[in-house]
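**Student:** I'll drop the sequence and a predicted model, then ask my questions.
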Amino acid sequence: MDHYSFFDRDLSWLLFNERILLEANKEDLPVMERINFLSIFSSNLDEFYRVRMPVLLALHNLAKHGNSEKEDVLLEAQILIGHQQQKFGQVFTSRLIPLLKDNKINLLFNEPIPVAINDKVSDYFYSQVMSFLQPIDLADTKKNFFPENNRLYFFINLRTRDDKERNVILNIPSNQLPRFYSVSADDRQYIIFLDDIIRHNLDKLFANETLQGCFSFKITRDAELDLKDEYQGDLTEQIEKQLLKRDLGIATRFLHQPGIPLRILHFITEKFSLQSSSVVEGGMYHNLKDLMGLPVNNPSLRYSRWAPVTNSTIGSWSSLFDYIEKQDCIFHAPYQSYNTILRFFNEAATDVTVEEIFVTLYRVASDSRIVNALISAANNGKKVRVMVELKARFDEANNIKWAKKMKAAGVNIIYSDKALKVHAKVALVKRQVNGRDKYSGLLATGNFNESTAAFYTDHILMTANPLLLREMELLFIFLSKGKKSAEGYPINFKHLLVAQFNLQSGFMELIDKEIANAKQNLPAAITIKLNNLEERKLIAKLYEASQAGVKISMIVRSVCCLIPGIPGMSENITIRRIVDRYLEHGRIFIFHNNGDKKVFLGSADWMNRNIYRRIEVCFPVYDEKIKAEILQIIDLQLKDNVQAVILNAQLQNINIDAKPPLVQSQREIYKFLSGV
């Protein structure tokens, strides 16, 4: 493996975010959708600084002791981010804000508040905003101010009447009030940043002083939770305590508006111990992820809605479990209605034949009907066991809330070990019918979450196949034991591929079979769709397959460490990225197998964390009709020449020459599933 080359994962991640930025630059997209892509870009960049920048900064410090290669990654990442932010500003100010104006929407961006709306803005400031403002005098030793993660602040430099300088931190309360205020006048809609409403009224707050400068800034902090293996208390309690500290973590970025005087920059850096963080000059406004909430209600400026397709055949059955017993079925969110998945859990809660329910939950909807169904099931006397992953990053508090509610209702809550996340998306229902146990199950590529199911593309298999469900029951028994790892635990999975047991080795064997076929001059091909591709043993095996002549087509949405198209290493590998109205999220694995194609779906990306530190489940598709459906969906995505780009050997997103017929895969998949 030492002779192979790999993309750096962090640079690859940033180039994926650049792919998001490309959508904002597309003239043929509705203006509000382009603005939403800017919001996604901004949110992603915040997460990068919270999750990945701490790693790069640590490696940068190691580089000072001789590891210059790692230092170059940090510097290259910073340069890349700088270029992307410039592009962001150019697209937003030069293209999108003028387009809004063309539609009688004035988003005030670094410009004075018009006289026509001044009274309304002042009234809003006095009645709504003023009560949330909390100026902190930095000379006041009684107040120990600490800037929290990604909160918005002004640094205000004042001159008092007795000619003394005073420095004040003023909060911008966007966590308590909407970031934007909308008002109509002169047949136009005006949208004002909360920041500007406060700037416009600073004389009301500091009436007896002279304003010398007002500069916006925010600080991004490390998001890692410090979970102690030797901690003797309840895991929920430990995580709750750590969540209170998350926004107080080590600073990784100090983002400030342009034009801030150097002496003030140094003062802030020293005052808040920001010497080791990345100091970044941004725009006048920060947290532009808030653009997702821009109050524009013109439907013509957004995508036209695609109504989810409903399955009328299932609707005619009085029992969903009876239907599943007759045949496997699959649902493709968000193209198809998620109501059938909700029905699965609702029927499990009320069906008198249901005795036991098992389910894994990773990211739970904030108002989860699925969890409410599980609570009802427990109240109805059913044995309910739920594996709740409390360590799902940024969803910990919500998962803890639901875990407590379920536990109070009598649900048996299982937590994973501190070092092992459970990322599998599986559910099992056990019924007693005429003295016999009957099983029905869900195996999915994404979370059981009705909120994200509205915009994540995922695949959910409903099955009564005993070959799969017996192994799923064995997995739940393992999870209930709270093991730190699967090492030495006696489960020999023959159908499911389960990380910690046989997932990596199973995929290796499937690739080896394609290599053997290629060497015998038999047809050999692999198609894989993932969110992220990092784990080097599996990448090396794909390189080996390419060298043997196996044709490998990949769709990798985000992080990709495999370098395609290198002669003698990966010349038979192509990689596409698809970004469109829905977030591509399903994982699909297809092996040609000399014409008898093997198709797997599942929860596992090929990242180090998925392979070595998580419980993941990938599952075979045995039903021939469903298999054909999956193959058709993948075929449409591989033909996409509208929303897909090719990832080249230089880590660049290359547009595909869009010759007729034009194929926008998400639109074509919706048509296919609609029967159009």
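**Tutor:** Arrived safely, thanks for sending. Keep in mind the model is a prediction, meaning the values are calculated, not measured.
**Student:** contacts, neighbours, all on C-alpha from now
**Tutor:** Will do.
**Student:** point out where this protein drops to low pLDDT.
**Tutor:** Scanning the chain with the threshold set as pLDDT under 70 gives 1, 63-71, 225-248.
**Student:** let me know the outermost residue of it.
**Tutor:** Distance from the centre of the chain peaks at residue 162, with 52.8 Å (C-alpha atoms, centre = their mean).
**Student:** is it true that it lies in a strand?
**Tutor:** No. Using DSSP: H, G, I helix; E, B strand; the rest coil, the assignment for residue 162 is coil, not a strand.
**Student:** residue contacts, the nearest residue to residue 281 once chain neighbours are set aside?
**Tutor:** Once its chain neighbours are removed from consideration, residue 281 has its nearest residue in residue 256; the separation is 5.2 Å (C-alpha to C-alpha, 6 or more residues apart in numbering). In this structure, residue 256 makes contact with 215, 216, 217, 218, 279, 280, 281, 282, 283, 284, judged by C-alpha atoms under 8 Å, 6 or more residues apart in numbering.
**Student:** mind listing what's buried along the helix or strand containing the first one?
**Tutor:** Assigned by DSSP states H and E, residue 215 falls within strand 210-221. When neighbours are counted by 16 or more other C-alpha atoms under 10 Å, the buried residues of strand 210-221 are found to be 210, 211, 214, 215, 216, 217, 218, 219, 220, 221.
**Student:** so which of those would you say is closest to residue 645?
**Tutor:** residue 220 (31.3 Å; C-alpha to C-alpha).
**Student:** return the distance of that closest one relative to residue 552.
**Tutor:** In this structure, residue 220 and residue 552 are separated by 40 Å, where distance is defined by C-alpha to C-alpha, to the nearest Å.
**Student:** what of residue 141?
**Tutor:** Counting by C-alpha to C-alpha, the separation of residue 141 from residue 552 is 64 Å.
**Student:** more crowded one of these two?
**Tutor:** Taking neighbours as other C-alpha atoms under 10 Å, residue 141 and residue 552 compare with residue 552 leading, 23 against 8.
**Student:** surely the more buried one touches residue 572?
**Tutor:** Yes. When contacts are counted by C-alpha atoms under 8 Å, residue 552 is listed as touching residue 572 (6.1 Å).
**Student:** intersection of neighbour lists for those two?
**Tutor:** Common contacts of residue 552 and residue 572 (C-alpha under 8 Å, 6+ apart): residue 546.
**Student:** alpha carbons only: can I get the strand holding residue 215 in CSV?
**Tutor:** Once non-C-alpha atoms are left out, strand 210-221 reads as follows in CSV (Å, rounded to 0.1, in the frame of the first residue of the first chain):
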residue,chain,number,x,y,z
THR,A,210,-18.4,59.1,20.7
LEU,A,211,-18.3,56.0,18.6
GLN,A,212,-14.8,55.5,17.1
GLY,A,213,-15.3,52.1,15.6
CYS,A,214,-17.7,49.1,15.5
PHE,A,215,-16.4,45.8,14.2
SER,A,216,-18.2,42.5,13.9
PHE,A,217,-16.5,39.2,14.8
LYS,A,218,-17.1,35.6,15.8
ILE,A,219,-15.0,32.8,17.3
THR,A,220,-15.4,29.2,16.2
ARG,A,221,-14.4,26.5,18.8
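**Student:** how far does it sit from its chain's centre?
**Tutor:** Distance of strand 210-221 from its chain centroid, counting by C-alpha atoms, centre = their mean, to the nearest Å, is 30 Å.
**Student:** and what of stretch 47-55?
**Tutor:** Averaging C-alpha coordinates over stretch 47-55 and over its chain gives two centres that are 14 Å apart (C-alpha atoms, centre = their mean).
**Student:** and it, C-alpha only, in PDB?
**Tutor:** What follows is the C-alpha trace of stretch 47-55 in PDB, where atoms were taken according to Å, rounded to 0.1, in the frame of the first residue of the first chain:
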ATOM      1  CA  GLU A  47     -18.300  22.600  10.800                       C
ATOM      2  CA  PHE A  48     -14.900  22.200   9.100                       C
ATOM      3  CA  TYR A  49     -13.500  24.700  11.500                       C
ATOM      4  CA  ARG A  50     -15.100  23.000  14.500                       C
ATOM      5  CA  VAL A  51     -14.300  19.400  13.500                       C
ATOM      6  CA  ARG A  52     -11.300  19.300  11.100                       C
ATOM      7  CA  MET A  53      -9.400  22.500  11.700                       C
ATOM      8  CA  PRO A  54      -8.400  21.400  15.300                       C
ATOM      9  CA  VAL A  55      -6.700  18.400  13.700                       C
END
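**Student:** contacting residues around it?
**Tutor:** Applying C-alpha under 8 Å, 6+ apart, the set of residues contacting stretch 47-55 from outside is 10, 220, 221, 222, 223, 224, 252, 253.
**Student:** report the contact partners of the last one.
**Tutor:** Read that as residue 253. Under the criterion of C-alpha under 8 Å, 6+ apart, the contact partners of residue 253 comprise 49, 219, 220, 221, 277, 278, 279, 280.
**Student:** look up how far residue 28 lies from it.
**Tutor:** 35 Å.
**Student:** now swap in residue 616 and tell me
**Tutor:** When distance is defined by C-alpha to C-alpha, residue 616 is 39 Å away from residue 28.
**Student:** what ranges do the strands span in the stretch 1-150 of the chain?
**Tutor:** Secondary structure of the stretch 1-150 of the chain, counting by DSSP state E, counting those that start in this stretch: strands at 105-108, 136-137.
**Student:** partner strands of the shortest one, with direction?
**Tutor:** Based on DSSP bridges, the strands next to strand 136-137 in the sheet, each with its direction, are strand 165-172 (antiparallel).
**Student:** got the angle for the strand it pairs with vs strand 210-221?
**Tutor:** The directions of strand 165-172 and strand 210-221 differ by 50 degrees, with axes from the mean of the first three to the mean of the last three C-alpha atoms, to 10 degrees as the criterion.
**Student:** doesn't residue 588 fall inside a strand?
**Tutor:** Yes. Assessed with three-state DSSP, residue 588 lies in a strand.
**Student:** that one: what's it in contact with?
**Tutor:** Counting by C-alpha under 8 Å, 6+ apart, residue 588 makes contact with 527, 528, 529, 530, 599, 600, 601, 602.
**Student:** assign a three-state SS to the residue nearest to residue 376 when sequence neighbours are not counted, would you?
**Tutor:** For residue 376, ignoring the flanking residues on the chain, the nearest one in space by C-alpha to C-alpha, 6+ apart is residue 349 at 5.9 Å. State at residue 349, reduced to three classes by three-state DSSP: helix.
**Student:** residue 349 and residue 357, how far apart?
**Tutor:** To residue 357, residue 349 is 9 Å away according to C-alpha to C-alpha.
**Student:** tell me, what's touching these two both at once?
**Tutor:** Listed as contacting both residue 349 and residue 357 by C-alpha under 8 Å, 6+ apart are residue 382.
**Student:** now, among the contacts of residue 588, which is nearest to residue 674?
**Tutor:** Set against residue 674, the nearest of the contacts of residue 588 by C-alpha to C-alpha is residue 601 (21.8 Å).
**Student:** in this structure the closest one contacts residue 589, no?
**Tutor:** Yes. With contact taken as C-alpha under 8 Å, residue 601 and residue 589 are classed as touching, separated by 6.3 Å.
**Student:** counting neighbours, go ahead and name the busier of these two.
**Tutor:** Taking residue 601 and residue 589 together and counting by other C-alpha under 10 Å, residue 601 has the greater number of neighbours (26 against 21).
**Student:** helix or strand: which one has that one?
**Tutor:** Per DSSP H and E: residue 601 is located in strand 598-602.
**Student:** list the contacts of the residue nearest in space to the middle of the chain.
**Tutor:** Nearest to the geometric centre of the chain sits residue 44, at 8.3 Å (C-alpha atoms, centre = their mean). Listed by C-alpha under 8 Å, 6+ apart, the contact set of residue 44 reads residue 17.
**Student:** alright, calling it a day.
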